[in-house]
Structure formats: C-alpha cells, structure tokens
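**Q** structure for this input, please:
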Amino acid sequence: MKSIQIHFYSKLILIAILSSLNSCQKGDDFQEIDEEVIIHAATTDTIIQIVVEGKQVPVFLSIPKAEGQLPAVVVKHGSGGMWKHDNPKTKKLSRQFQEWKEILTQNGFVCAVVDGYTPAGTAERTGKWKKPPYAFKISSEFVRPRYAYGTLRMLRNLKNHAGSNIVRSKDIGIIGFSHGGNTTAATLFDTDLTPQDWNWTQSYDGKEYGISNGVREPAQRPEEGGFACGVVNYGGAIAHGYWGGDPCSDNANEKIIYGNYAPVLYQLPENDYLAESTLCMFQLLKKKGFPVEMEIYNNVGHGFDDDGLPPSEEARTKTINFLKLHLHEID
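**A** Sure thing, here's the model as predicted:
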C-alpha cells in the first residue's frame, strides 16, 4: 500500500491526487483507493483530488481539531455548484457550503464537499447541462453517486501521523441539496432490489434514452459497506423515470423499484416545486417498510436551508441531530 503525506497548515490549501495504479473495480464503477492519506498536523481546510473512472474529482476536506476517530459526512451540492462565485479556481466554498462545513466540523464531523460538475467541464448545472447528452455527464442518478463512493473510500483511508485512521469507517453519512439531494437518494439505492433483466432508462421531452444513449446502471456499494445514513434536502424523486416511473402514479407501488439500504431523512419545504414527487416517494417507501423519516417545513420553498429563516435553522438542527444519532455521536 502506498502512502501520500499531506501537511495541513491554517488557511493553506494543498492538493493531492489520489489514484490507484493497482486498483480493483466492482461493476466498473470507480477506482478503489488503496493508498493511505497521512495527515501530519491540525487542519482548517484542504482540497484533495480523488480519481474516479479516470476523472479528477475535487473534494473540499475539513477535519475538526478533536481527539480519537471521528464520524464523517459527505456533502453533495445542488445545481449551483459548490464554489464561491461559481469559480473553482477560487478554491473557496460558496457561502451555503462554507456554512455547512462550519456547522459539521463544529459538531465533530469530518466534512467532505464533493464537486460533482467540474470533472465534466462545468461549474453548475444550467443550460445545455440539463438535457442529454450533457445531463448524463453530471447525472445525479448514476455519475455523482460514483463520486460519492470514491469519497467514501478516501475518507476510510485518512490516517494521522501515528498511522491511525481519522474516520470511523462505519460512521460516514451523506447529505445533499436539490440535485445533490437526488444524488444522495441514488447513492443509497439498494442495488440488490434491481429486478432481473431490468432496463435502465430515462426520458427527456418525451424521448426515452437507454444504456446505448448514455444512461448507466447505478453505482455499486463498496464491498466494505456503504453509507450509514443520508439526508435529502429538497430533492426530487421522479429522476426522469429512472426508478420505474412517477412515484405519484396509480401503479407506483408495482412500478417503482427504488429502496434505500440506510436510514434517510427527507427535509421537505412546503412550497417546493419538487415537493409532490418527494412526498409520494416517501409515502411509498414508508409503506414498503424502508427506513425513512420526513420533516415538512411550512411557508418556505426550494433552497430554504440557506434563507436564514427560523425553518432554516430548524432544518439544520434536525439534520445534525439525525446525523449524530445514526453516526453514533449520541446515545
């Protein structure tokens, strides 16, 4: 096993490219990192570039100053991206994710914000990136979950100067916002639920696309296990039919194949344009016995966690409490 040593200094951003020359793959999803990332000093922030299917994926990493092994949270941004001024060259997070980074680290979590767009050549999901073929390059259903699992493996390889793991390997959660909320749900899909001979398709503007057109199968969980829990903030659930159709349709109970392998908290603003499909999916999952919870926030809409309103603070608190419960930070 190779080691990469990273020295962290206050307010200094360093980049280490993590790839595996002798990697093994499962389902041709991502490269398995078999290198240790050794941290020699206390950190504020740093950027690590993981390599997933040959693409460099920036991960903004922040580690709280604390003793012992820590829980961690992977953060998936929405359509606006994660960088200040929509510019990855700033190497600074946007205000929303700077705040989330601070909230998570102040509560004792290692925070890893994953860039789901710049590996494809864009900083945000807008214009042509909302439709095929470009939409498939940043897909929340089958591309960004692969980045999430690559980040999960990186976190499991973080070590301190004494050679001890920094992150508790079983206590890693994932949270996402809007398009990143879709990503969070897709990452937590239990692929064992996929019917035999299932055809993975998506529909845009009445046209169906399949594997031959750029649609891919879902990402596979690493053999050592997936995420412990997830929080979906104002994401949608139709996924262009990826899970079998519209969760609000009359035959959704038979058609929808989606199910989550880990507990999920859905944070739903009442006035969100995506609320209906998310509520239908939640009710469907609850009826089938999957581990899901939902909080509904009145008189707020899409992106409400960043509005500075009372529901915003309430949602943030409930997210942290959910993470602490499932990542074993509270009894």
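**Q** would you mind measuring the gap between the ends of stretch 75-93?
**A** One end of stretch 75-93 to the other measures 12 Å (C-alpha to C-alpha, to the nearest Å).
**Q** repeat that for stretch 220-230.
**A** 16 Å.
**Q** list the contacts of that stretch.
**A** Stretch 220-230 has contacts (C-beta atoms under 8 Å, 6 or more residues apart in numbering) with 26-27, 29, 32, 74, 148-149, 152-153, 156, 169-176, 184-185, 187-188, 191, 260-265, 322-323, 326-327. Just so you know, the C-beta spots here come from the backbone N, C-alpha and C atoms, and that holds for glycine as well.
**Q** next step: the residues you listed restricted to helices.
**A** Among these, the residues falling in helices (DSSP state H) are 148-149, 152-153, 156, 184-185, 187, 322-323, 326.
**Q** now, of the contacts of stretch 220-230, which are buried?
**A** Buried by 16 or more other C-beta atoms under 10 Å: 29, 32, 74, 148-149, 152-153, 156, 169, 171-176, 184-185, 187-188, 260-265, 322-323, 326-327, out of those.
**Q** is it true that P71 lies in a strand?
**A** Yes: looking at P71 with DSSP: H, G, I helix; E, B strand; the rest coil, it is inside a strand.
**Q** I'd assumed C111 was in contact with it.
**A** No: with contact defined as C-beta atoms under 8 Å, P71 does not reach C111; the gap is 10.5 Å.
**Q** with neighbour numbers in mind, choose between the two.
**A** C111 (26 against 23; other C-beta atoms under 10 Å).
**Q** identify the bridge partners of the more buried one.
**A** Here C111 sits in beta bridges with S62, V73, going by DSSP bridges.
**Q** how far away is it from I174?
**A** 12 Å (C-beta to C-beta, to the nearest Å).
**Q** overlap of the contact sets of the two?
**A** The contact lists of C111 and I174 share 73, 75, where a contact means C-beta under 8 Å, 6+ apart.
**Q** what number of residues lie near the nearest residue to Q69 once chain neighbours are set aside?
**A** Take Q69 and drop its neighbours on the chain: the residue closest to it by C-beta to C-beta, 6 or more residues apart in numbering is R168, 4.6 Å away. Neighbours of R168 under the rule other C-beta under 10 Å: 18.
**Q** ends of stretch 217-229, how far apart?
**A** 22 Å.
**Q** so which elements touch the longest strand belonging to the chain?
**A** Taking DSSP state E as the criterion, the chain has its longest strand at strand 167-177. Using 3 or more C-beta pairs under 8 Å, 6 or more residues apart in numbering; DSSP states H and E, the elements in contact with strand 167-177 are strand 70-76, helix 144-156, helix 179-187, strand 229-233, helix 310-326.
**Q** what pairs with it, parallel or antiparallel?
**A** According to DSSP bridges, strand 167-177 has these partners: strand 70-76 (parallel), strand 229-233 (parallel).
**Q** now the angle from the last one to helix 179-187?
**A** This points to strand 229-233. Put simply, strand 229-233 runs at 150 degrees to helix 179-187, going by axes from the mean of the first three to the mean of the last three C-alpha atoms, to 10 degrees.
**Q** how far does strand 229-233 sit from the chain's center?
**A** Relative to its chain's centre, strand 229-233 lies at 9 Å (C-alpha atoms, centre = their mean, to the nearest Å).
**Q** list the contacts for L70?
**A** Per C-beta under 8 Å, 6+ apart, neighbours of L70: 63-64, 108-110, 166-168.
**Q** same list (the residues you listed) but as TSV, adding distance to F136 and pLDDT.
**A** As requested, the contacts of L70 are exported to TSV (distance: C-beta to C-beta, whole Å; pLDDT from 0 to 100):
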residue	distance to F136	pLDDT
I63	34	93
P64	37	91
G108	37	95
F109	32	96
V110	31	96
I166	35	94
V167	31	96
R168	35	96
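**Q** in contact with the residue at minimal distance from the centre of the chain, which residues?
**A** Closest to where the C-alpha atoms of the chain average out (C-alpha atoms, centre = their mean) is K76, at 4.0 Å. Neighbour list for K76: 114, 116, 144, 148, 174-177, 180-181, 183-184, 187 [criterion: C-beta under 8 Å, 6+ apart].
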